[in-house]
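Undergrad: 3D model of this:
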Amino acid sequence: MKLFENSSRFERFNMNWLRLLGQGLAIFLMGLTLVIASALNPDAVIMSARFFSWLPLCGIVIFAMGLLECLDAFLAKEQRDFFQNLQVGVLDTVVGGLIILGAAESLARLSLMIAAFLIVRGIVRIALACALSLPQIISTAVCGFISIITGFMVFLEWPTSAGWFIALCLSIEIAFRGWAMMVFSIWVRKQQSSTVKT
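TA: Numbering: from 1, shown residues only. Just a heads-up that it's a prediction; the model follows:
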């Protein structure tokens, strides 16, 4: 219980909001590019995987973001940041790696894993935002709900079970993750400017 009491206070604002904004913008633009590519060129062949559309590239992006989260965890100064970044980073790294390695396998098997990943990722995001009383909880919750909805759409194969749709859902998750990071960086900037004025 003490962990939640300590973690709900955001007294330190020594985060570099420009770095957060830059990371969020880069992730958002990668996700948006993949969304557009999945919609406009659904028959793309990436890494010699037919019928997977942009899914292998989405896996590479998620894998890279997972590695960066794990690195952030090991560089974290607080226990709360370590556990939060590590659990998200490990999940992203494992799922991203499985998507990359499974690009030549059955799309049906990958779609179940991706549906579970999207649903779990959304639930974890909402639960952490509520339990840790994170700032900008609305934007985090919206991103979590969108991830859960797209996960159920992949699971139910609605409107389709094609590779381009699964890649589109993963790309939406990536784009909204970047958007949430940009919103958080703007909040950090406001907090830093208000502490300088007082």
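
Undergrad: thought Ser38 was touching Ser171?
TA: Yes - counting by C-beta atoms under 8 Å, Ser171 is a contact partner of Ser38 at 5.6 Å. From N, CA and C alone the C-beta is placed, and that goes for glycine too.

Undergrad: For those two, list the residues in contact with both.
TA: Here Ser38 and Ser171 have Trp54 as joint contacts, going by C-beta atoms under 8 Å, 6 or more residues apart in numbering.

Undergrad: What's the local residue count around Ser133?
TA: For Ser133, the count of nearby residues is 13 (other C-beta atoms under 10 Å).

Undergrad: ok, Gly178 - how many residues close by?
TA: 21.

Undergrad: what mean pLDDT does the helix or strand hosting it have?
TA: Applying DSSP states H and E as the criterion places Gly178 in helix 163-197. Across helix 163-197, the average pLDDT comes to 86.

Undergrad: Equivalent analysis for stretch 17-29, please.
TA: Mean per-residue pLDDT for stretch 17-29: 92.

Undergrad: So for that stretch, what gets flagged as buried?
TA: Residues of stretch 17-29 classed as buried: 17, 20-21, 23-24, 27-28 (neighbour count, 16 or more other C-beta atoms under 10 Å).

Undergrad: where does the protein have low pLDDT?
TA: 1-14, 132, 134-135, 196-198 (pLDDT under 70).

Undergrad: Quick check: Pro56 vs Ile138, distance?
TA: Noted for Pro56: a distance of 33 Å to Ile138, by C-beta to C-beta, to the nearest Å.

Undergrad: Next: Leu110.
TA: Where Ile138 is concerned, Leu110 sits at a distance of 32 Å (C-beta to C-beta).

Undergrad: And these two? Which one has more around it.
TA: It is Leu110, of Leu110 and Ile138, that has more neighbours when counted by other C-beta under 10 Å, with 21 against 9.

Undergrad: Name the nearest residue to the spatially most central residue of the chain, ignoring sequence neighbours.
TA: By C-alpha atoms, centre = their mean, the mean C-alpha position of the chain lies nearest to Arg177, the distance being 4.5 Å. If the residues on either side of it in the chain are set aside, Arg177 comes closest to Ile27, at 5.8 Å by C-beta to C-beta, 6 or more residues apart in numbering.

Undergrad: now the helices: where do they sit in this structure?
TA: Ranges of helices in the chain, per DSSP state H, are 2-7, 17-40, 55-75, 79-101, 107-131, 137-155, 163-197.

Undergrad: Nothing else from me, thank you.
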